[in-house]
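Asks: Provide a 3D model corresponding to the input given below.
(chains A, B, C and D)
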There are 2 protein chains.
Amino acid sequence: MPDAPTAALDLVLELTVLLGEDMRRGLGELGLTETKAHLVFAVQHAGPSTQRVLADMLGVTPRTVTTLVDELGAAGVVTRESHPTDRRATLVTLTEDGAALGAGLVAGQRELAGRLFAGLDEDLPAFTRVLGEVVARLRALTEESA
Amino acid sequence: MPDAPTAALDLVLELTVLLGEDMRRGLGELGLTETKAHLVFAVQHAGPSTQRVLADMLGVTPRTVTTLVDELGAAGVVTRESHPTDRRATLVTLTEDGAALGAGLVAGQRELAGRLFAGLDEDLPAFTRVLGEVVARLRALTEESA
DNA sequence: GCATATCGTGAGTCTACTTCACTATGAACT
DNA sequence: AGTTCATAGTGAAGTAGACTCACGATATGC
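Replies: Below is the predicted model of the structure:
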């Protein structure tokens, strides 16, 4: 019989697997990978950004962003605009379609959240408290070993 | 301002990222990938198993298990034993080192769980309730679209 | 005893990333 | 001004971890 923390962690682990599958499936139907979706989110949130900045936000190398932007550009989701003051850099911006796509992603996520947590209002605050604390501890852990 | 379910899902998403990083880092130090660790867990839990069964448990193709077992064999973690009744099949079994490795993984996981959830006893039952329900719903979702 | 299914593996491919080298440009310092 | 050093993005090539396909060896059902 596992102790309560171990049982909780096991559930979390299972959740990550299921959630990952679900997201990949949903994104796949839109022709997106997780990283491409992440890039769309990033541009949506931060506005037009250089590829260097996007690389840092996504946690990938600049070279990877080049490819991502190439492919998202071919799909009509983003465009490369010239940077107003730095001629080395390009500003990645969302097209109209890209903005709609991003809005759709956010809406889909919100809808999934509603479906997953519906009717659990009573326990939800405690859930969120624990989750916040765990995330904070985990972040501290990973930073201390960086 | 996001609604509570959306905030909770965002936290979950962040947790999956951080937890994944942490696990990969820790496993990497032991020369393991996530899938190899999963295989060790599977054999530890189910006892000596055919590669076909392991493929199903890991959710990968049999071909992938061949490579996994090759490499774990080279590392001295598992061995291939002949199946007593089916001469096509091989039984993947843990070596003594492999069993120790598996036990270490379990211990490490338990220790991490303790560290992450320490002092949150009051909210932990609610947390686990929500998590269990969410996992169940997610599983239902993925199965209905299979 | 023969047709058909299953186990594991060689050969080759794919995807999402990486590193390295390079050009073009910017910034800082005499 | 010019020289030096750092930075933005990209071509070329490599890597890790999966996959498909085809095949030999064995098992199973009729």
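
Asks: Let me know the helix or strand that the nearest residue to A:Leu18 once chain neighbours are set aside is in.
Replies: Nearest non-adjacent residue to A:Leu18, counting by CB to CB, 6 or more residues apart in numbering or on different chains: B:Leu138, 4.4 Å away. In this view, the C-beta of every residue, glycine as well, is placed from N, C-alpha and C. In the assignment (DSSP states H and E), B:Leu138 maps to helix B:124-144.

Asks: how far does that helix sit from the chain's center?
Replies: 18 Å (CA atoms, centre = their mean, to the nearest Å).

Asks: swap in stretch A:122-132?
Replies: Worked out by CA atoms, centre = their mean, stretch A:122-132 lies 21 Å from the chain centre.

Asks: can you check stretch A:28-42 too?
Replies: On CA atoms, centre = their mean, the centre of stretch A:28-42 falls 8 Å from the chain's centre.

Asks: mind saving the C-alpha coords of it as CSV?
Replies: Output in CSV follows, covering the C-alpha atoms of stretch A:28-42 (Å, rounded to 0.1, in the frame of the first residue of the first chain):
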residue,chain,number,x,y,z
GLY,A,28,-2.4,16.9,-34.8
GLU,A,29,-5.8,17.5,-36.2
LEU,A,30,-4.9,21.1,-36.7
GLY,A,31,-1.6,20.3,-38.3
LEU,A,32,0.3,21.5,-35.3
THR,A,33,3.0,19.9,-33.1
GLU,A,34,3.3,20.8,-29.4
THR,A,35,6.2,23.1,-30.1
LYS,A,36,4.5,24.9,-33.0
ALA,A,37,1.4,25.4,-30.8
HIS,A,38,3.7,26.7,-28.1
LEU,A,39,5.2,29.2,-30.6
VAL,A,40,1.8,30.4,-31.6
PHE,A,41,0.9,30.9,-27.9
ALA,A,42,4.1,32.7,-27.3
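
Asks: Do that stretch and DNA strand C come into contact?
Replies: Yes: counting by CB under 7 Å from any atom of the strand, contacts between stretch A:28-42 and DNA strand C involve A:33-35.

Asks: Can you pull up the most central residue in chain A?
Replies: For chain A, the residue nearest the mean C-alpha position is A:His38 (4.1 Å; CA atoms, centre = their mean).

Asks: Touching, that residue and A:Leu58? I think so.
Replies: Yes: assessed by CB atoms under 8 Å, A:His38 is found in contact with A:Leu58 at 5.4 Å.

Asks: Which stretches in chain A count as strands?
Replies: With strands called from DSSP state E, chain A shows them at A:49-50, A:78-82, A:90-94.

Asks: Can you name the residues that contact the residue nearest to the centre of chain A?
Replies: Contact analysis of A:His38 by CB atoms under 8 Å, 6 or more residues apart in numbering or on different chains lists A:Leu58.

Asks: So for it, what pLDDT did the model give?
Replies: Per-residue pLDDT puts A:His38 at 98.

Asks: Distance of it relative to B:Asp10?
Replies: 13 Å (CB to CB, to the nearest Å).

Asks: can you list the residues of chain A near DNA strand D?
Replies: A:50-52, A:55, A:62-63, A:65-66, A:69, A:80, A:83, A:86, A:88-90.

Asks: Now with 6 Å, please.
Replies: Contact residues (CB under 6 Å from any atom of the strand) of chain A with DNA strand D: A:50-52, A:62-63, A:66, A:88-90.

Asks: Could I get these in CSV, plus columns for neighbour count and distance to B:Glu96?
Replies: Below are the residues of chain A next to DNA strand D laid out as CSV (neighbours: other CB atoms under 10 Å in any protein chain shown; distance: CB to CB, whole Å):
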residue, neighbour count, distance to B:Glu96
A:Thr50, 17, 54
A:Gln51, 20, 51
A:Arg52, 13, 50
A:Pro62, 13, 46
A:Arg63, 10, 44
A:Thr66, 13, 48
A:Arg88, 7, 58
A:Ala89, 16, 57
A:Thr90, 19, 57
